[in-house]
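K.L.:
Give me coordinates for this.
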Amino acid sequence: MKIDVCFSPVLYPYYKDSGDTIVVVVDIFRATTSMCMALNNGASSIMPVATVEEAKAYKDKGYLVGGERNVVKFEFGDFGNTPSEYTREKVEGRDVVISTTNGTHAIDMAEDCSCLIIGSFSNLSKVAAYCIEQKKDVLVLCAGWKDKFNLEDSLFGGALVEALVEKGGYNARFDAAGVALSMWRDAKPDVMKYIANGEHMKRLEDHGLVDVARFCVTIDTVNVLPVYNKHTKKITVI
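P.N.:
Numbers count the residues shown, from 1 in each chain. Next up, the predicted model:
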């Protein structure tokens, strides 16, 4: 089996494989971390939508809606894009619609793949265990920032590469996977220090979200494996 890392959704067509590859979509700050939290707190499903207009239409139908554009919460939203907002009291047993600047865009890009799962540092071990159990090739699809490279998603890619190589015997002899792994090994002793000058970290600082960033780079805070169903267009846990 092999694992590789795609640093931006705009590059995904060059990595897209018609075979049986597991695509792990990751948006550390903050969409996939929030999705994992919502599902860990009992949400029935996450319904990712690409546009603000779709999100508003679901809100008008009575759905709970979360998300943001350019870090700012929708004025009509029930939630923003911060994991702690998705409490059990608010989401248990409910379908939650989410639309974000980057994460739901990446899901939309890869929705036709044979297996799409949602990754974050908060469920890193669950993602790694599932991939190893399935014995399939893996591609980490980083949501990035408006199709540009970012640090935090790429670091997750490196962390998953390390786990699959060390525990699953995966082949990661690819340039992007090697760069992601090298970044992760440099960052691992103090991830917050490593990303301190990152562009998205600065955006979160400007909005008073440093503590959120700290939570988002903490490993294994939830115990769920979210999987996207391209027929229902919902993300649920297995």
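
K.L.:
Just name the shakiest helix or strand of the chain by mean pLDDT.
P.N.:
Within the chain, confidence by mean pLDDT, DSSP states H and E is lowest for helix 199-206 among all helices and strands, at a mean of 89.

K.L.:
what's that helix in contact with?
P.N.:
Identification of contacts with helix 199-206 by C-beta atoms under 8 Å, 6 or more residues apart in numbering yields F29, V71, W145, N150, L151, E152, I195, V210, V212, A213. In short, each C-beta sits where N, CA and C put it, glycine included.

K.L.:
shaky segments in the protein?
P.N.:
Where the chain drops to pLDDT under 70, the residues are 18.

K.L.:
Contact partners for the most centrally placed residue in the chain?
P.N.:
Geometric centre of the chain, nearest residue: V26, 2.7 Å, by C-alpha atoms, centre = their mean. Neighbour list for V26: T32, I118, G119, S120, V140, L141, C142, A143, D153, F156, G157 [criterion: C-beta under 8 Å, 6+ apart].

K.L.:
which phi and psi does the second one have?
P.N.:
When quoted as degrees, to the nearest 10, the phi and psi of I118 stand at phi -100, psi 120.

K.L.:
Would you confirm that it contacts N229?
P.N.:
No - applying C-beta atoms under 8 Å, one finds I118 not in contact with N229, separated by 11.9 Å.

K.L.:
got any residues that touch both of those two?
P.N.:
Counting by C-beta under 8 Å, 6+ apart, the common neighbours of I118 and N229 are I235.

K.L.:
In space, what's closest to R30 - neighbours in sequence excluded?
P.N.:
N81 (4.7 Å; C-beta to C-beta, 6 or more residues apart in numbering).

K.L.:
quick one, which of I118 and N229 is more surrounded?
P.N.:
Neighbour totals were compared for I118 and N229, and I118 leads with 27 against 12 (other C-beta atoms under 10 Å).

K.L.:
Identify the bridge partners of the more buried one.
P.N.:
Applying DSSP bridges to I118 yields these beta-bridge partners: V25.

K.L.:
I3: which of the contacts of helix 199-206 is nearest?
P.N.:
Closest approach between the contacts of helix 199-206 and I3, by C-beta to C-beta: E152, at 18.4 Å.
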